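Participant: I need the structure of the sequence given here:
(2 chains)
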Amino acid sequence: MITEEKVWSYLDGQLNAPDRKAFEMAIVNDSNAKLLFEEISALHSSLKNAALLSPSASFTDKVMAGIQMAPAYTPPAKLSFKPFLIFALPSLLVIAFFAAVLAYQQEPLTYSLPLSLPGLKNLQLYFVVTDILLLAFFIDRLSEYRFNRKTFFAQ
Amino acid sequence: MIQQVLKGDSASFRMLVERHQNLVFTIAFRITGKREEAEEVAQDVFLKVYNNLAGFEGTAKFSSWLYRIAYNTALTKIRNRKEEVKTLDGFELSSTSMNSAVLNEAEQVFTKEYLDKAINLLEPDESTLITLFYLSEQSLEEIAQVLNIEANAVKVRLHRARKKLREKLELIG
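Facilitator: Numbering: from 1, shown residues only, chains lettered A, B, ... in the order given. Sure, this is the predicted structure:
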């Protein structure tokens, strides 16, 4: 039995040698199969020979004009964010934390910050603020990095 | 050529447009069914390409990337369209052209207009698939990238699309 799918597979060259031979025998001996093959073969050939459609003659000029109207292309500035910062910034946070622990042991400084948090001495507070700033910078750079790496396919 | 465009060489971009415009326009026309809309879509596609060329990572072929943008842009266009039913306004199919699906000895030859009309009655992914398979010499894997489906599914959908195309040809014939 010759099915439409088999005819397409034959035309696409996807049948193996024995199946191909059996198919060719079938279209010789079966008039219905031959008719189906001829019809599909004609369609296949028309599709292969169909010409591409063309836009209007001024198409390229219109595209180029559109580009000139758009902001001139400038290669995006290289991001200052580097993958190694993923490790460097948390390391700084850890160092700052241990420095704060040491400061807790010694309490050497006399200056004061214009804010206070319960349970934290001046120097500790200083490190906490530094940590928060570093963390904010890290999150900012990370989000920008991820945003810029989005692929255009999503559009 | 892409590197030249990235350096700001507009002549290279013009060449790139000229090289790909027919296929981009054909994909757009197969999906929208209207020349005017297809031309708008094709222009939009090349503007997007120009503005996002730096984002092309080269992991796929440039043509696959471009056709995918064309496919998605045309889909967006018809989704935004108020009329939901795809009509054949863009076609001026004369009765003579309908009759010109002639029998050439044993082989039936489908005229271009007759075939265009039937292809435009298919679903967007089906018409794009047929266009890419027959006219762009894209492999099944490359077509899979354009349509954002698995490569195995392309073969199945191609069979389905061609079967449906025959039905449409019978319907309008």
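Participant: which pLDDT does the model give the residue lying closest to B:D44 once chain neighbours are set aside?
Facilitator: Using Cβ to Cβ, 6 or more residues apart in numbering or on different chains and skipping the chain neighbours, the partner closest in space to B:D44 is B:T73 (5.5 Å). Where C-beta positions appear, they are placed from N, C-alpha and C, glycine not excepted. At B:T73, the model reports a pLDDT of 92.
Participant: quick one: distance of the helix or strand hosting B:T73 to the chain centre.
Facilitator: Using DSSP states H and E, B:T73 sits within helix B:62-80. Relative to the chain's own centre, helix B:62-80 is displaced by 9 Å; criterion: Cα atoms, centre = their mean, to the nearest Å.
Participant: check which helix or strand covers A:I95.
Facilitator: helix A:85-106.
Participant: equivalent analysis for B:E18, please.
Facilitator: helix B:10-32.
Participant: so what does that helix touch, helix or strand wise?
Facilitator: helix A:59-69, helix B:2-6, helix B:35-52, helix B:62-80, helix B:124-135 (3 or more Cβ pairs under 8 Å, 6 or more residues apart in numbering or on different chains; DSSP states H and E).
Participant: could you give the mean pLDDT of that helix?
Facilitator: 90.
Participant: between it and helix B:124-135, how many degrees?
Facilitator: With axes from the mean of the first three to the mean of the last three Cα atoms, to 10 degrees applied, the angle from helix B:10-32 to helix B:124-135 works out at 120 degrees.
Participant: may I see the buried residues of helix B:10-32?
Facilitator: Across helix B:10-32, burial judged by 16 or more other Cβ atoms under 10 Å in any protein chain shown covers B:12-14, B:16-17, B:20-32.
Participant: now stretch B:148-155
Facilitator: Buried, per 16+ other Cβ under 10 Å, within stretch B:148-155: B:V154, B:K155.
Participant: which outside residues touch it?
Facilitator: Contact with stretch B:148-155 is made by A:F153, B:R68, B:L129, B:L140, B:E141, B:I143, B:A144, B:L147, B:R157, as judged by Cβ atoms under 8 Å, 6 or more residues apart in numbering or on different chains.
Participant: ok, the fifth one - contacts?
Facilitator: When you say that, I think you mean B:E141. B:A151.
Participant: now it: which helix or strand?
Facilitator: Per DSSP H and E: helix B:140-147 holds B:E141.
Participant: so B:I149: helix, strand or coil?
Facilitator: Following DSSP: H, G, I helix; E, B strand; the rest coil, we place B:I149 in the coil state.
Participant: and for A:A57?
Facilitator: With three-state DSSP as the criterion, A:A57 reads coil.
Participant: tally of neighbours for it?
Facilitator: 7 (other Cβ atoms under 10 Å in any protein chain shown).
Participant: I figured the residue nearest to B:D44 hits B:L47, correct?
Facilitator: No - if you go by Cβ atoms under 8 Å, B:T73 and B:L47 don't touch, sitting 9.8 Å apart.
Participant: those two: which is more packed in?
Facilitator: Neighbour count, other Cβ under 10 Å: between B:T73 and B:L47, B:T73 has more, with 22 against 16.
Participant: who are the contact partners of that one?
Facilitator: B:T73 touches B:A28, B:V41, B:D44, B:V45, B:K48, counting by Cβ under 8 Å, 6+ apart.
Participant: what's the answer for B:L23, then?
Facilitator: A:L52, B:Y67, B:T131, B:L135, B:S136.
Participant: just give the nearest non-adjacent residue to the most centrally placed residue in chain B, would you?
Facilitator: Closest residue to the average C-alpha location of chain B: B:I27 at 1.6 Å, with Cα atoms, centre = their mean. In this structure, B:I27 finds its nearest non-sequential neighbour in B:A70, 4.6 Å apart by Cβ to Cβ, 6+ apart.
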